[in-house]
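> Provide a 3D model corresponding to the input given below.
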Amino acid sequence: MKRSITGLLLALPMLSMGQPNYQKGYIVNNSMDTLKGYIDYKPKVNTVPSISFRQELNSPAQAFTPNSAKGYGFNGAASFESFNVRISNGSTKTEGLKVGIDTSSRRAFVFLKVLQRGPNVTIYSYTDEIKERFYIKGNASTAPYELIRMRYIEANNSSKVVGADRYKGQLLFEMRSYNAGTEFFEADFDDLAYSETEMIKVAAMINRMQVRVAKKGFRFFVGAGVGGTGVKYTGQNPLANAEAIAITSYMPSFNVGIDMAAKTLAERLIYRAELSLFMGKDTKVTYGQYIHSFDHTTLYLSPKLLYNVYNTTMLKVYAGIGAGASYSSYSNIKSGKTVSVAMSPDDFDKISIDLKPSAFSYNLNFGFAIRKIEVTAMYTPHFKISDYAGFNVLMGIMHAGIKYRFD
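Coordinates of the predicted model:
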C-alpha cells in the first residue's frame, strides 16, 4: 500500500504534463498593442514555438508565434521578445560533438528570454534541444547577435575536446564600447563561465547597473489548525487485539515553514520544510480490562515534496509526500490492567511501558491555495514509538488547518 501511494504521487507530474497552466501575463502584438490576460506557462519546455493566450480564464485561447507577436511576459516574472536571429548548430554536449569546428547556423524567428535590460545593452537566452545560447543587443541595434561558445573534437586526437570561447572577446568589445575611460583586458574574462549568472553580471557592468535580482524562489508561511493523534498496538499484546478500541485525541496544532522552488514559485514543484507542534490529551487504547493512555507534546519536522496538480494564478491544488522526524514528551501515563476484587474497589495493576521520545515516519499531504491562503491536510500513518521485541506501540497523526503564505 505504501509503495502504491508513493508511486502514484511520484507519477503526478507525468499525469498532468498536458494540463494548461495559465498565469497572469501580457502579449505585445505586431501593432505594438499590449493585451493583458493569461498565458499558458510551460517552465520545463526549452523552446516555445507558440504561446496560448486567453484574455479571461474562460475565454477562447489564441495562439501567438514569434511572427505574430513582438513579445510576451508574466506579471512580475519572466519576459520574452521575438527576433529574427542566427542560431548556431554546433553542440556543446560531449555526446553531440563533431570532429573539427562546426560553424553552421540557421536563421529563424524565435522568442528570446530577457535576462538583463539596461541603458546600453540587453542580454537574452535561448535554449533548444541542442544547447543553451546567450544573445546581446546594443540598444541602438535592431537585433541581437549570439555570444558564441564552441566545442569540437580535435582532428588528430579523437580523445581531445577543444573549446573556442568567442563570447569572451565579444563581451570585451561591448565593454570597451560603452565604458569609455575604463580599461578592460582579456585576462579579466579568462574565468568567465558561459552561464546565465555570469552573463547577467557582465551585462550589469556594461549598463553600469546593479545585478537584476530575479523573483525569489522561496516564501515563508505560518499556520494553525486541529491535530488528531491516535495510538495502537501490534504484536503479542492484549491491546493488539482486533477488537481493541483506540480513542483519538484532537487538540490545536501549529506550524511554520518555508517553501522553495527550483526557479520561481509559479512552477508546479515545491520543496517544503515544515515544523509543526502537535498535542494530545488522554490519547488511549483499551481492550477489556487493559488500558494505555497518555498526554503528549510533539514537535514534528518534515521536509516535503509537493506538486501542484492544478496550477493557476488564483487557485493551486496540490498533493505531496514527506518524511518526518518527531520528538515527543509524555505525561499522565496510565498503562496496565484493571483487576476486579470482590466486595471492594477494583485494583489497577500497572505495567511499565517505555515510549521513545524520537521517531521517524512519512506523511501524505493534500491541499489547495487561493492566493495567500492555503487550506491543508496531512496524514501520517502510525509509526513506532516503542522498542520491544514482542510488540510495538504506534502513534498516528492527522492534521487539518489553514496557512498564510508570505509571498
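> From Y233, how far off is A242?
11 Å (C-beta to C-beta, to the nearest Å). Any C-beta I mention is one placed from the backbone N, CA and C, and that applies to glycine too.
> more crowded one of those two?
For A242 versus Y233, neighbours defined as other C-beta atoms under 10 Å are more numerous around Y233 (22 against 5).
> what's the pLDDT at the more buried one?
Note for Y233: predicted pLDDT of 95.
> Report the beta-bridge partner residues of it.
V393 (DSSP bridges).
> does it really touch I245, like I thought?
No: under the criterion of C-beta atoms under 8 Å, Y233 is not in contact with I245, lying 11.7 Å apart.
> joint contacts of these two?
Shared contacts of Y233 and I245, defined by C-beta atoms under 8 Å, 6 or more residues apart in numbering, comprise V285.
> Tell me, please, where in this structure the pLDDT is lower than the cut-off.
Residue ranges of the chain with pLDDT under 70: 1-19, 43-46, 180-188, 210-216, 262-267, 340-346.
> one more time with 50, if that's ok
Applying pLDDT under 50 to the chain flags residues 1-2, 15-16, 343.
> Please enumerate the helices of it.
2-15, 166-178, 196-206 (DSSP state H).
> Can you give the strand pairings for the strand ranked longest in the chain, parallel or anti for each?
Using DSSP state E to assign secondary structure, the strand with the most residues in the chain is strand 315-339. Here strand 315-339 is paired, per DSSP bridges, with strand 290-311 (antiparallel), strand 347-350 (antiparallel), strand 358-370 (antiparallel).
> okay, the ones you listed, which one's buried deepest?
strand 290-311 (a mean of 19; mean count of other C-beta atoms under 10 Å).
> So what's the gap between that one and the chain middle?
Using C-alpha atoms, centre = their mean, to the nearest Å, the mean C-alpha position of strand 290-311 is found 20 Å from that of the whole chain.
> Dump the strands paired with strand 315-339 to CSV, plus distance to N29.
As requested, the strands paired with strand 315-339 are arranged in CSV below (distance: least, C-beta to C-beta, whole Å):
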stretch, distance to N29
strand 290-311, 26
strand 347-350, 80
strand 358-370, 32
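> I'd like to know which of those is closest to M251.
strand 290-311 (9.5 Å; C-beta to C-beta).
> Quick test: name the residue nearest the centre of the protein.
I270 (2.5 Å; C-alpha atoms, centre = their mean).
> tell me the contacts of it?
259-261, 305-308, 318, 320.
> can you rerun that using 6 Å?
By C-beta atoms under 6 Å, 6 or more residues apart in numbering, the contact set of I270 is 259, 261, 306.
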